[in-house]
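Chemist: I'll drop the sequence and a predicted model, then ask my questions.
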Amino acid sequence: MSGYVGILVSDPLLQNQFTQVELRSLKTHFMSMRRESGRVTLGELASKMSRLKVVGENLTEEERASFIHDFYPDHHDHDDVDFELFLRVYLELQAHASARTGSNTKNSSAFLKAATTTLLHTISQSEKASYVAHINNYLAEDQFLKQYLPIDPSTNDLFEIAKDGVLLCKLINVAVPGTIDDRAVNTKRVLNPWERNENHTLCLNSAKAIGCTVVNIGTQDFIEGRRHLVLGVISQIIKIQLLADLNLKKTPQLVELVDDSKDVEELMSLPPEKILLRWMNFQLKKAGYKKIVTNFSSDIKDGEAYAHLLNVLAPEHSHQSTLAAKNPLERAKLVLEHADRMGCKRYLTAKDIVEGSPNLNLAFVAHIFQHRNGLSTQTKQISFLETLPDDALVSREERAFRLWMNSLGNSTYINNVFEDLRNGWVLLETLDKVSPGIVNWKIANKPPIKMPFRKVENCNQVVKIGKQLKFSLVNVAGNDIVQGNKKLILAYLWQLMRCNILQLLKNLRFHSHGKEITDVDILEWANSKVSNSGSQSRMDSFKDKRLSDGIFFLELLSSVQPRAVNWSLVTKGITDEAKKMNATYIISIARKLGCSIFLLPEDITEVNQKMILTLTASIMYWFLKQPVEERPSGTSDSESGSQSETISNSTIDDSASESSIEENGNM
């Protein structure tokens, strides 16, 4: 970032966030800051931005500094700031301040949604090299990708190969096996633009479905090989893969980290990164290390924590010179040599340790955990886990609602709905996205919330708004959410998710005169589409057991897009295995078309009424968004729903700058 500090704005996406008057005013502020010392550094921004109205009035200097540090963890306080970066920081802080006050300041919403993915147009060469090595290792045997691998990390070949979408689809399946049905991926040697776009649509919707944040990223970003966006998605996919074992289901030995059942419940609700930190500190305590590691950046820069950790996990490979080393870089090199002797692949260099690269250090520690976690298998503790309730349906629904809420671009990433929603804030954010303006932000309490009654106040407003939206909330109070009542939270989230898709469908109908869309409308639309395509299949309800073989949904998908389904790949759906194959294919085909859905194959084979409704509604929503001229021939407006209507001419816009709640609000 050092070097010439310009005052030009070359990024059109950034330019569009301001009027010319605003740009001139901000440029004046920036030039004034620069005149004081001849330059503006990242470390000075927090104090210097106190002069700016929204940012200065609503955020303290400490809050601004913390926010900037969180957004730019790989940069240093002494780095020079040019005018573009100044504008980006200003927009981020403005969005943060607006979210706190509940105001809907112009410009803030787009950047609030974009904040996690698109703001910094630089890429880390160390991260790129590390992720390329990961891809070369895990996809080396893939039959289709063999012709392209290994990728040379010193080139930009990664971004060229990613342009067809196949690589990212394959990487998602490595991270969460079975997410994408290979039969749905277009894998010809040379893809036409349509096929390439389908692959990226499938990739983006599948990335959302495993927990990636892809708000404000479109297929065009991948086709054009926008490196910071491609690398950002790859980083998230790899992180999900590396942290997959950090839960009690996959690694029951983690109960060794806690003392009693209450602590186990707390452990189960923690995000994987927090569990990894707890595990690391558990091992460091054994080693006699006195400090507590709270992050994967500044706390491990000197390499001492790593030296103690590896000594405890693999004492047979330890070397006294590691801890004796005076120079942190030298110690970091010895740490990596120790890791090599253990058989651990490197995700980082000694320089990355010393510079505190958070992503690469997290990957490194997660890999060590996968390779050798140093936990014992105590029968007493493992048997305790068997007494915990394991409701598969509750678990699947919690997952679907969690991923859906995360896809909306809320300020907080949800790891567990039963824990992370208890203060009411994210629920209020989601309600505001589903029904803009419905939340009274003046009486909302923003986290961190120390006083319990403040959480109750937020949740009381959540319940009140639910009643306004005609949710069934008999005998439900805000305190039920604060207490983490699983049954009530799931019931509320289902009604919120359903309300969202019905609202989106309603908004597409120009001539419905505000008529509410009902479940019956969706059912009738689906049956009408399948019937008009010449099939005898139909569903009597969203819990019709005949749906378990998947044939009806394949016919529905084929009716809205005839080329979507390759019928030679479809099974008759007689055996359980054949049903699951069809269900997996259905989900991937729907995502490939553009449906953002979060159900699992089991939801189709077991005919989960709620998830079947969201699947049908999402296909309907996708179809109604298509311009009439792009629909299959023979489709009339009257076939599109139970009432005569005119379809909105809005099309799905793939550009990152045009993302909206509609695109992110599907199921």
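Modeler: Perfect, I can see it now.

Chemist: show me where the stretch 401-550 of the chain has its helices.
Modeler: Per DSSP state H, counting those that start in this stretch, the stretch 401-550 of the chain has helices spanning 417-420, 425-434, 452-468, 478-482, 486-507, 519-532. These are given in chain order.

Chemist: can you give me the buried ones in the third one?
Modeler: With burial defined by 16 or more other CB atoms under 10 Å, the residues of helix 452-468 counted as buried are 454, 455, 456, 457, 458, 459, 460, 461, 462, 463, 465, 466. To be clear about C-beta, it is placed using only N, CA and C from the backbone, and glycine gets the same treatment.

Chemist: can you put those in TSV and add distance to residue 313 and pLDDT?
Modeler: Output for these, formatted as TSV (distance: CB to CB, whole Å; pLDDT from 0 to 100):
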residue	distance to residue 313	pLDDT
454	43	95
455	40	96
456	44	96
457	46	97
458	43	97
459	43	97
460	48	97
461	48	97
462	45	97
463	48	97
465	50	97
466	49	97
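
Chemist: which one of the residues you listed is nearest residue 521?
Modeler: Distance to residue 521 across these (CB to CB) is lowest for residue 466, with 22.2 Å.

Chemist: now do the contacts for that closest one.
Modeler: Residue 466 is in contact with 473, 476, 492, 495, 496, counting by CB atoms under 8 Å, 6 or more residues apart in numbering.

Chemist: pLDDT added to those residues, as JSON lines?
Modeler: Converted to JSON lines, the contacts of residue 466 look like this (pLDDT from 0 to 100):
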{"residue": "473", "pLDDT": "93"}
{"residue": "476", "pLDDT": "90"}
{"residue": "492", "pLDDT": "97"}
{"residue": "495", "pLDDT": "97"}
{"residue": "496", "pLDDT": "97"}
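
Chemist: so which of the residues you listed wins on neighbours?
Modeler: Most neighbours among these, by other CB atoms under 10 Å: residue 492, with 25 neighbours.

Chemist: separation between the residue nearest to that one when sequence neighbours are not counted and residue 404?
Modeler: Leaving aside its chain neighbours, residue 492 sits nearest to residue 466 (6.2 Å; criterion: CB to CB, 6 or more residues apart in numbering). Using CB to CB, to the nearest Å, residue 466 is found at 17 Å from residue 404.

Chemist: ok, now residue 568?
Modeler: Going from residue 568 to residue 404 by CB to CB gives 33 Å.

Chemist: okay, these two: which has more neighbours?
Modeler: Using other CB under 10 Å, the more surrounded residue of residue 568 and residue 404 is residue 404, with 26 against 6.

Chemist: just checking, that one touches residue 496?
Modeler: No - contact between residue 404 and residue 496 fails when scored by CB atoms under 8 Å: they sit 9.1 Å apart.

Chemist: could you list the domains of the protein?
Modeler: Domains of the chain are assigned by the TED database as 12-102, 125-243, 252-371, 389-508, 519-627.

Chemist: now for the contacts of residue 466: which two are most distant?
Modeler: Largest pairwise distance in the contacts of residue 466, by CB to CB, is 13.0 Å, between 476 and 496.

Chemist: residue 288: which of the contacts of residue 466 is nearest?
Modeler: Within these, proximity to residue 288 (CB to CB) peaks at residue 492, which comes in at 47.7 Å.

Chemist: which residues touch the closest one?
Modeler: Residue 492 sits next to 427, 462, 466, 471, 473, 476, 481 when contact means CB under 8 Å, 6+ apart.

Chemist: hmm, 10 Å instead?
Modeler: Neighbouring residues of residue 492 by CB atoms under 10 Å, 6 or more residues apart in numbering: 401, 417, 421, 427, 459, 462-463, 466, 471-473, 476, 480-481, 485.

Chemist: phi first, then psi, for the residue nearest to residue 458 when sequence neighbours are not counted.
Modeler: For residue 458, ignoring the flanking residues on the chain, the nearest one in space by CB to CB, 6+ apart is residue 424 at 2.8 Å. Backbone torsions of residue 424, given as degrees, to the nearest 10, read phi 80, psi -20.

Chemist: ok, residue 80 next?
Modeler: Backbone torsions of residue 80, given as degrees, to the nearest 10, read phi -70, psi 150.

Chemist: which residues does it bridge with?
Modeler: residue 41 (DSSP bridges).

Chemist: what about it, how many residues close to it?
Modeler: Neighbour tally, residue 80, other CB under 10 Å: 15.

Chemist: residue 27 contacts residue 86, correct?
Modeler: Yes - Residue 27 is in contact with residue 86 according to CB atoms under 10 Å; the separation is 9.2 Å.
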